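Colleague: Output the structure for:
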Amino acid sequence: MSNNRKSGLSRAAAKVREAGRALRGKNAPLSNLTGVETAAEAPLPAADQGIIVDIGMNDGTDSYYYRKRGFQVIAVEAIPDLCAAVSKKFDELGLDGVDIKNFAITDSDVDEVTFYVNKFDTEWSSVDEEIGSRAEGAEKIVVPAIDVSKLLKDVSKQIRYVKIDIEGLDNVALAQIMSLPDRPPYVSVENGSSDMLQTLYENGYDRFKFSNQKYTHYQTIPPYSPHGKVFDHQFPDGASGLFGEDLEGEWLSYEDAMKVQKGLNLAAQHAPNNLFAVVIGWFDLHAKHSSAK
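Modeller: Alright, predicted model coming up:
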């Protein structure tokens, strides 16, 4: 998630302590994975709703939610310790249907890449040293690299939604998703930009929504949702939240969405000391393909 997402927010101090413990290996970095039931208390639905791709899994909160909705999940995460911790937690819960892939996404044709694990908040980690080293610096590690289109090519017809939330290379991940043989019906990108909005439109996405991530914890799954099992759910801070038809509001045209996007960009650019994110919020851009029903 971006620096805008956290700066000035009251939970920053807790996140510092959590990130520090996680990086030192003192506890699994899953403390904000709230509402976790045991398999005996809440049997999971069959994973028969198709595939959701979680690019930027971090602590597994979103992947866990998608699996509970009845989807298979392919979760991509660069930090090996996070992959191991989330895998262990899901195994303890008897959670099947989540395939965790330990890769960083890059636009270079390499097998490995240097990755900067942020010491303040693992969510700020990045292949970009400047981005990954914000606040208290970063631990430099080497991780496997991948073009995500190669990972997903053979299952592209089954993908229902792709969530992209990685630091600094969201546009690269989006371009790789757009090169798949089949476009997913729904896509979201964190802190969407005019360029990413245009990329989506040029690849057949013609309806858009903006989700204010400051208020994700107020979201509830609508009873009419077409996206799998419906249940009571409390999204923790930092979760990506609802997607697709579950989001409130009407879908916007490309022209109207571009006006909104440019307005958001301008406001964020001119607000001093991150004031826009603190007062107004930060936004994920959601897109719906023209072929989606």
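Colleague: hey, let's count contacts and neighbours off CA atoms from now on
Modeller: Noted.
Colleague: Strands of the chain, residue ranges please.
Modeller: Counting by DSSP state E, one finds strands in the chain at the ranges 51-55, 72-77, 98-102, 104-105, 112-118, 138-146, 159-164, 186-190, 205-212, 283-289.
Colleague: ok now do the nearest residue to residue 205 once chain neighbours are set aside, which residues does it touch?
Modeller: Of all residues not flanking residue 205 in the chain, residue 289 sits nearest, at 4.0 Å (CA to CA, 6 or more residues apart in numbering). Contacts for residue 289 (CA atoms under 8 Å, 6 or more residues apart in numbering) come out as 183, 184, 185, 186, 204, 205, 206, 207.
Colleague: State the number of residues packed around the fifth one.
Modeller: Burial of residue 204 is recorded as 16 neighbouring residues (other CA atoms under 10 Å).
Colleague: same thing with the one 3 residues further on?
Modeller: Other residues near residue 207 number 21, with proximity taken as other CA under 10 Å.
Colleague: Same question for residue 250.
Modeller: 10.
Colleague: Neighbours of residue 172, how many?
Modeller: For residue 172, using other CA under 10 Å, the count is 17.
Colleague: circling back to that earlier point, distance to residue 88 for the strands of the chain - can I get that in CSV?
Modeller: As requested, these are exported to CSV (distance: least, CA to CA, whole Å):
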stretch, distance to residue 88
strand 51-55, 18
strand 72-77, 14
strand 98-102, 11
strand 104-105, 20
strand 112-118, 20
strand 138-146, 20
strand 159-164, 23
strand 186-190, 27
strand 205-212, 31
strand 283-289, 29
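Colleague: who wins for proximity to residue 260 among those strands?
Modeller: strand 205-212 (8.7 Å; CA to CA).
Colleague: returning to what we had before: just name the most buried of the strands of the chain.
Modeller: strand 104-105 (a mean of 26; mean count of other CA atoms under 10 Å).
Colleague: Spell out which strands sit alongside that one in the sheet and which way each one runs.
Modeller: strand 138-146 (parallel) (DSSP bridges).
Colleague: relative to strand 98-102, how tilted is the partner strand?
Modeller: 110 degrees (axes from the mean of the first three to the mean of the last three CA atoms, to 10 degrees).
Colleague: what sits up against strand 138-146?
Modeller: So strand 138-146 is contacted by 78-80, 102-106, 110-119, 125, 132 (CA under 8 Å, 6+ apart).
Colleague: returning to what we had before: out of the strands of the chain, flag the one nearest residue 244.
Modeller: strand 186-190 (6.1 Å).
Colleague: List the residues that contact residue 178.
Modeller: Residue 178 touches 200, 203, counting by CA under 8 Å, 6+ apart.
Colleague: go with 7 Å
Modeller: residue 203 (CA atoms under 7 Å, 6 or more residues apart in numbering).
Colleague: Quick check: pLDDT value at it.
Modeller: As predicted, residue 178 sits at a pLDDT of 97.
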